[in-house]
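**Student:** Okay, here's the prediction I keep looking at, along with the sequence it came from:
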Amino acid sequence: MSSAELNQIADQLLVILDEMRSYKSTTLGAVTGGPYNNRNMAYPWHPPHPFPNVADVFPTEGQEIHLTHGDLLPHNILVDGSKITAIVDWETAGYYPEFWEYCRMHDRGWMTPAWGRVLARMFPGPRREKEIDAVYRILRDLHYNNVYLV
């Protein structure tokens, strides 16, 4: 895609994220009101080691909880030319803190120059590496059984 087309994709994603963020909740969890979808791990699961101290990594004050796709990456964004026609794979959607979608969109496994350009337009400023890395570690530990490795 050309730079102009990538910019159009970024602008459309910002509109989509704004719409999703308009749906708020006071509690974390799935869109149904229950717990997040756990299809990738047996319950109860026991991570190999404790999660990092989230208070040291993530903002804990003033974080709104809003509707999040949970896996908004290039493979889930359908386009026709430079027009987004659909967002698919909503199984991990739910109500998450503000930082979650940002961190998931910066997944290392999906980072390409084109996706990096889209993200840079959507989220100007320095990358929040500490938060991105912490979400990556949490997801890796949740899925340590290799059924699904993020």
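**Tutor:** Sure, I can see it.

**Student:** from here on, contacts and neighbour counts on C-alpha atoms
**Tutor:** Fine.

**Student:** which residues sit against stretch 63-77?
**Tutor:** Applying CA atoms under 8 Å, 6 or more residues apart in numbering, the external contacts of stretch 63-77 come out as 20-28, 31, 84-90, 92-98, 100-101, 104-105, 110, 115.

**Student:** next one: it to chain centre, how far?
**Tutor:** Centroid separation for stretch 63-77 versus its chain: 4 Å, with CA atoms, centre = their mean, to the nearest Å.

**Student:** Weed out the non-buried ones from the contacts of stretch 63-77.
**Tutor:** 21, 24-25, 28, 31, 84, 87, 92-98, 100-101, 104-105, 115 (16 or more other CA atoms under 10 Å).

**Student:** Sitting in helices, which of these do you find?
**Tutor:** Among the buried ones among the contacts of stretch 63-77, the members found in helices (DSSP state H) are R21, W100, E101, R104, M105, W115.

**Student:** Generate TSV for these, with pLDDT and distance to S3 as supplementary columns.
**Tutor:** Putting these into TSV (pLDDT from 0 to 100; distance: CA to CA, whole Å) gives the following:
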residue	pLDDT	distance to S3
R21	95	27
W100	90	27
E101	94	23
R104	93	23
M105	96	19
W115	97	11
